[in-house]
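A.B. asks: Just a sequence and a predicted model for now, questions to come.
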Amino acid sequence: MNNNKYDQELDCKGLNCPLPILKTKKKVDTMETGQVLKMEATDPGSISDMNAWTRRTGNELVSHSEDSGIYTFFIKKS
C-alpha cells in the first residue's frame, strides 16, 4: 500500500472519462499550493488522462498505482 501523505481525498471510482479529471480539477482548485490530493478511480483511461492533465496544468503527479482495478493517484498542487 502507498504510504504517501495527503491533505484531501477524492473518490472517482465508477466514473468514466472525463468525470475523474473534471472532479479532480474542481477539488485541486479548492486546495492550497503544496497540498496533495489522493484520487481513486476505476477507469483505466484515467492513467493517461491524469498524466496529460498534470503536464498541462503544471500540477505534479507524485505517484500512481493500480491494485485490483483501482487506480490511485497522488497529485500535488503547484
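C.D. replies: Noted; the coordinates are in hand.
A.B. asks: For the residue located most distally from the centre of the chain, give its distance to residue 40.
C.D. replies: Ranking residues of the chain by C-alpha distance from their mean position (CA atoms, centre = their mean) puts residue 68 at the top, at 17.2 Å. Separation of residue 68 from residue 40 (CB to CB, to the nearest Å) stands at 11 Å. Bear in mind the C-beta positions are built from the backbone N, C-alpha and C, glycine included.
A.B. asks: Kindly report the same for residue 27.
C.D. replies: 12 Å.
A.B. asks: joint contacts of these two?
C.D. replies: residue 10 (CB atoms under 8 Å, 6 or more residues apart in numbering).
A.B. asks: neighbours around the nearest residue to residue 61 once chain neighbours are set aside, how many?
C.D. replies: Of all residues not flanking residue 61 in the chain, residue 54 sits nearest, at 4.2 Å (CB to CB, 6 or more residues apart in numbering). Using other CB atoms under 10 Å, residue 54 has 20 neighbouring residues.
A.B. asks: what does residue 6 give?
C.D. replies: 16.
A.B. asks: do the same with the one 3 residues further on
C.D. replies: For residue 9, the neighbour count with other CB under 10 Å is 11.
A.B. asks: OK, contacts around it?
C.D. replies: Counting by CB under 8 Å, 6+ apart, residue 9 has contacts 37, 38, 39, 40.
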